[in-house]
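Visitor: build the 3D model from these lines:
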Amino acid sequence: MSSPSDLVFGPGRVIGIYYTVRDAKGREVDSSAKHGSRPMAVLAEAGNVVPGLERGLLGKKKNDRFELQVPAKDAFGDPKPELIETIAREALPVEGDLKVGMLLSGRDRQGRPLHAVVTAIQDNQVTLD
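Guide: Residues are numbered from 1 along each chain as shown. The predicted model follows:
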């Protein structure tokens, strides 16, 4: 019988990960610390994380520590200039200070998940990608 430390992440397995996401310039975009320092649950082959992260987790064991670079095409996709939008700050239901590099998540009018990165803040205008 195997011990929990011998189990590896793969099909049908659920793990919890502590993470920090940084942009190409090394700025922190998101982390488990920003979400109450609780691990994020990941179920293998469920499509609940970006494909590059899931592939990077396959075969990992409990308490493994590692760094992973996920290219845009394996994360949220290549940049699309038509999806960059500048909106009024008051239109964003975000409490506290907005900072360039922040990842914002929400839902569109049809209930589909939306993710955007704050790329610029000028006066009362916020640019989202």
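
Visitor: what's the next secondary structure element after the strand ranked longest in the chain?
Guide: Ranked by residue count, the top strand of the chain under DSSP state E comes out as strand 113-122. Sequence-wise, the next helix or strand downstream of strand 113-122 (DSSP states H and E) is strand 125-128.

Visitor: which residues in the protein form helices?
Guide: In the chain, the segments counted as helices under DSSP state H are 51-57.

Visitor: got any ranges where it has weak pLDDT?
Guide: Within the chain, the stretches with pLDDT under 70 are 1-6.

Visitor: all strands for it, in order.
Guide: 14-17, 20-22, 28-31, 40-43, 85-88, 103-107, 113-122, 125-128.

Visitor: got the contact list for the last one?
Guide: With Cβ atoms under 8 Å, 6 or more residues apart in numbering as the test, strand 125-128 has contacts from 84-89, 92, 98, 104, 116-121. Any C-beta I mention is one placed from the backbone N, CA and C, and that applies to glycine too.
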